[in-house]
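# give me coordinates for this.
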Amino acid sequence: MKRFAILFDMDGVIIDSNPAHKIALKEFCRQHGHDLTDEQLRLKIYGRTNKDWIPNLFGGGLSAEKIAQYGEEKEAMFRELYKNDVKPVDGLIDFLNEMKTHHVPMAIATSAPRSNVDFTLDHTHTEKYFDAILDEAFVTRGKPDPEIYLKTAQALGFDPKDCLVIEDSLSGIQAGQSAGCKVIGVTTTHTPAELAHTDMIIPHFRNLHWADVVKLF
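Sure, this is the predicted structure:
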């Protein structure tokens, strides 16, 4: 049996956090003089690191310290909004347990800062499932660049072509495919039609099993 690894995005995959991120992003942007439409959020921000979208929003010339300050300001707003509603995406825990039973290496590859990763893992009690966790600090080029998935595959000791990426954002899907990975799209953020270019589309993990994943390789 061919060995493979699974690389999970976090927001929209481990937790369905994007509705709370959307509220926090809109409020943060509004407070700083930028009133973004839903379409602008989807195309310019979702799936990207704070280091990428904040300079794009505010224009060049921001110091690294200011970008970090703005990023943590927005993330603190998100965590406060979401703290009482955090739960794993439907079926995730059963899926993780099944993968562990079959000794499938798993990792998180996210554009989020470590503060949000710790917040998510603490609330979902899922850290024990992952053999590697890479956040925005591990990359210089955010999604849709494939760097995060190339580095995460390397951290697990796998060729990217032997990895499955599970993603919800268009930029993340592009990153996974550019890395040479198989990609499952989760419809927490985009419609099935928008994710039609992935290897498989799922609304959640409830009906996804090891036997389904094996067929992708």
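
# my read: D94 touches L208, true?
No - D94 is beyond contact range of L208, at 9.3 Å (criterion: Cβ atoms under 8 Å). All C-beta spots, glycine's among them, are computed from the backbone N, C-alpha and C.

# so between the two, which is more surrounded?
L208 (21 against 14; other Cβ atoms under 10 Å).

# buried residues in the helix ranked longest in the chain?
With secondary structure taken from DSSP state H, the chain has its longest helix at helix 64-82. The neighbour-count check on helix 64-82 (16 or more other Cβ atoms under 10 Å) flags 67, 70-71, 74-75, 77-79, 81-82 as buried.

# then stretch 120-133?
Residues of stretch 120-133 classed as buried: 120-121, 123-124, 126, 129-130, 132-133 (neighbour count, 16+ other Cβ under 10 Å).

# now, these that are in helices?
Under the assignment DSSP H, the buried residues of stretch 120-133 contribute 120-121, 123-124 to helices.

# show me the shaky parts of the protein.
Within the chain, the segments meeting pLDDT under 70 span 1, 47.

# walk me through the domains of it.
Domain assignment for the chain by automatic domain parsing gives 5-15+86-214, 18-82.

# most neighbours per residue, which of the ones you listed?
Sort these by mean neighbour count, taking mean count of other Cβ atoms under 10 Å, and domain 5-15+86-214 sits at the top with a mean of 19.

# ends of it, how far apart?
End-to-end distance of domain 5-15+86-214 (Cα to Cα, to the nearest Å): 11 Å.

# my read: G185 touches D168, true?
Yes - between G185 and D168 a contact is recorded at 6.9 Å, counting by Cβ under 8 Å.

# how about the buried residues of helix 64-82 in JSON lines, adding distance to F158?
Shown next, in JSON lines, are those (distance: Cβ to Cβ, whole Å):
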{"residue": "I67", "distance to F158": "32"}
{"residue": "Y70", "distance to F158": "35"}
{"residue": "G71", "distance to F158": "30"}
{"residue": "K74", "distance to F158": "33"}
{"residue": "E75", "distance to F158": "30"}
{"residue": "M77", "distance to F158": "36"}
{"residue": "F78", "distance to F158": "31"}
{"residue": "R79", "distance to F158": "32"}
{"residue": "L81", "distance to F158": "36"}
{"residue": "Y82", "distance to F158": "32"}
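
# what's the helix or strand containing D94 packed up against?
Assignment of secondary structure by DSSP states H and E places D94 within helix 92-101. Secondary-structure packing of helix 92-101 (3 or more Cβ pairs under 8 Å, 6 or more residues apart in numbering; DSSP states H and E): strand 106-109, helix 210-214.
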